[in-house]
Each structure stands twice: as C-alpha cells, then as structure tokens.
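Novice: Quick one, structure for this:
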Amino acid sequence: MAFNSKNPFLSNKRFSSNAVSRAEEVHEAKIIDYNQEMTLSGTINKTAILFLILCGAAMVTWWMAFNGMNIMLPAIGGAIVGFVLVLISAFKPQLSPYLAPGYALFEGLFIGGISAIFEAMYPGIVINAVGATLVTFLVCLGLYKFRIVKVTEQFKSVVIAATLAIATYYLISWLASLIFNFTPVHYGNSMMSIGISVFVIIIAALNLFLDFDQIEKGVEQRMPKFMEWYGAMGLMVTLVWLYIEFLRLLSKLSSKD
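Specialist: Model prediction:
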C-alpha cells in the first residue's frame with residue numbers, strides 16, 4: 001500500500017500533476033524557459049531566506065519576553081496564522097511565493113515565544129535544541145545525498161503511517177485532556193514520556209528524507225518556479241516540528257535533574 005507524504009507541501013499528487021502539465025507543454029511544442037523552472041539551487045536559496053525571516057521574527061518575541069513584555073498574543077497568534085497559511089498553500093501552491101515568507105514570519109513569532117518560555121525555565125535549553133536540530137538535519141542530508149538511506153515506496157509508507165499515528169495520538173490526547181481532565185502519558189518526565197519524545201523525534205527526522213526526495217523529484221520533473229517556495233516551505237515545517245520536539249525532550253530530561 002502506497003501513501004503520499006503527510007507534509008501537504010510535498011505530496012506526490014501535487015508533483016505528478018505538475019509533471020503532466022509539463023508533458024502537455026512539450027507535446028504542444030511550447031518553448032520552456034529554464035529560468036521559470038524549479039532548480040535545486042533556487043530551492044536552497046528560498047529555504048535560506050525563509051530561515052532568516054523565521055529567525056528574525058523569533059528574535060522579536062524573544063526580546064519582548066526578556067524585557068518583561070507579554071508575548072502570549074504574538075506567539076499564539078503567530079502559530080494560528082502560520083497554520084492557516086500552511087493550509088492555504090497546500091491547496092494553492094502557486095501562491096507559495098507570497099505565503100511562504102508569511103509563514104516564516106508568523107511561525108517565527110511563535111518559535112521565539114515558546115523558546116523564551118523554555119529558556120526561562122531551563123537555561124541553555126534553546127542552544128542545545130538548535131544544535132540538535134541542525135546536527136540532525138545535516139546528518140539526514142548527508143545520508144540522503146550519499147544514498148546511504150534510500151527513499152523507497154515502503155520507506156515512505158512506514159514514515160507517513162507513523163506520522164499520521166503521531167498526529168492522531170496528539171489530537172486525541174489533547175481532546176481527552178480537555179473533556180476528561182487527565183494528564184496524557186507523553187506529559188511529565190517519566191521514562192514512558194521520554195521514550196515517546198525520542199520516537200517522535202526519530203519520525204520527524206525521517207520526514208526530512210521525504211522532503212529531500214520530493215524536492216529532488218520536483219527538480220527532475222522541471223516543476224514551475226513557484227515550487228521552489230513550496231518545497232522550501234515544506235522543509236521549514238518539518239524543521240520547526242523537529243525543533244519543538246527537541247525542546248520538549250530536553251525539558252523532560254532537564255526536569256529530572
């Protein structure tokens with residue numbers, strides 16, 4: 001059984017549908033401008049731009065937090081707006097050149113706020129989480145580049161099924177905690193909770209391979225230029241998820257000390 005990527009920006013359906021449109025252009029003998037096609041270097045540049053925007057926005061709420069200002073509104077508002085932009089871009093990828101920078105901006109406000117909260121509770125945790133996220137990204141990129149890890153259909157199926165299971169578990173746990181007023185098992189610093197965090201981090205890291213694979217396929221299939229923003233935005237979504245999970249894991253380990 002084959003699954004498509006859970007990441008809405010990197011679905012096989014989206015890439016394959018664009019491939020069909022490209023084939024139709026060739027069949028109709030239209031001139032294709034290379035400058036209007038998705039490239040690897042272009043996607044890397046777009047990812048760097050989004051990263052800088054996210055970091056810049058994060059610094060704003062970080063500064064606000066450590067200067068005694070209320071960061072709840074920009075942090076929560078940023079998370080909500082960022083999620084909405086994700087949904088819009090999933091259905092309207094041609095708008096990604098406008099939505100992706102907006103996502104990085106608002107998500108950055110959320111990341112800066114939540115990072116400041118964790119840093120106040122556990123000094124030094126943010127730099128450790130950033131370092132862990134960066135190392136994980138580089139290791140996964142190296143494993144993919146040198147084909148040590150190959151993204152097969154079976155690999156995709158397992159990773160996507162696990163990702164869907166995690167999302168379902170988080171949703172059910174959240175709803176149950178609201179209705180029945182109980183503490184989900186992944187809360188706290190028990191060994192079970194820590195084990196769940198480690199598992200989620202592994203799955204988040206494996207999603208990076210799906211991101212790399214779909215970006216590479218998009219370049220090979222000569223997707224439209226806006227797909228560079230689309231692919232870069234999808235990669236940023238995975239990195240943000242990975243960073244947040246590292247924050248949660250490190251906070252659990254720190255609270256046991």
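Novice: and Pro97, what element?
Specialist: In the assignment (DSSP states H and E), Pro97 maps to helix 96-121.
Novice: and whichever helix or strand comes after that helix, which residues are buried?
Specialist: Going down the chain from helix 96-121, the next helix or strand is helix 125-145, by DSSP H and E. Residues 125-126, 129, 132-133, 136-137, 140, 143-144 are the ones in helix 125-145 that count as buried (16 or more other CB atoms under 10 Å). All C-beta spots, glycine's among them, are computed from the backbone N, C-alpha and C.
Novice: still on that earlier bit, packing partners for the helix holding Pro97?
Specialist: helix 40-65, helix 72-91, helix 125-145, helix 227-255 (3 or more CB pairs under 8 Å, 6 or more residues apart in numbering; DSSP states H and E).
Novice: quick check: mean pLDDT across the last one?
Specialist: It stands for helix 227-255. The average pLDDT within helix 227-255 is 97.
Novice: how much does that helix deviate in direction from helix 125-145?
Specialist: Using axes from the mean of the first three to the mean of the last three CA atoms, to 10 degrees, the direction of helix 227-255 lies 130 degrees away from that of helix 125-145.
Novice: Which parts of the helix holding Pro97 count as buried, going by neighbours?
Specialist: So for helix 96-121, counting by 16+ other CB under 10 Å, buried means 96, 99-119.
Novice: ok, now stretch 191-201?
Specialist: For stretch 191-201, using 16+ other CB under 10 Å, the buried residues are 193-194, 196-197, 200-201.
Novice: roughly how far out does it sit from the chain middle?
Specialist: Centroid separation between stretch 191-201 and its chain, computed with CA atoms, centre = their mean, to the nearest Å, is 19 Å.
Novice: hmm, who's touching it?
Specialist: 136, 166, 185-187, 242, 245-246, 248-249, 252-253 (CB atoms under 8 Å, 6 or more residues apart in numbering).
Novice: cutoff 7 Å now
Specialist: 166, 185-187, 242, 245-246, 248-249, 252-253 (CB atoms under 7 Å, 6 or more residues apart in numbering).
Novice: Filter these down to just the buried residues.
Specialist: Here, 16+ other CB under 10 Å leaves 166, 186, 242, 245-246, 248-249, 252 buried among those.
Novice: one step back: I'd like the helices and strands packed on helix 96-121 laid out as CSV, including distance to Val159.
Specialist: Shown next, in CSV, are the helices and strands packed on helix 96-121 (distance: least, CB to CB, whole Å):
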stretch, distance to Val159
helix 40-65, 21
helix 72-91, 18
helix 125-145, 12
helix 227-255, 11
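Novice: Now do the strands in the stretch 151-257 of the chain.
Specialist: Counting by DSSP state E, counting those that start in this stretch, the stretch 151-257 of the chain has no strands to list.
Novice: can you map out the helices along it?
Specialist: All helices of the stretch 151-257 of the chain, identified by DSSP state H, counting those that start in this stretch, fall at 153-180, 191-220, 227-255.
Novice: wait, which of these is closest to Met59?
Specialist: helix 227-255 (15.0 Å; CB to CB).
Novice: For that closest one, could you pull out the residues that count as buried?
Specialist: 227-252, 254.
Novice: Which strands or helices does that helix pack on?
Specialist: helix 40-65, helix 72-91, helix 96-121, helix 125-145, helix 191-220 (3 or more CB pairs under 7 Å, 6 or more residues apart in numbering; DSSP states H and E).
Novice: Using JSON lines, please lay out those helices together with mean pLDDT.
Specialist: Shown next, in JSON lines, are those (pLDDT from 0 to 100):
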{"stretch": "helix 40-65", "mean pLDDT": "97"}
{"stretch": "helix 72-91", "mean pLDDT": "96"}
{"stretch": "helix 96-121", "mean pLDDT": "97"}
{"stretch": "helix 125-145", "mean pLDDT": "98"}
{"stretch": "helix 191-220", "mean pLDDT": "97"}
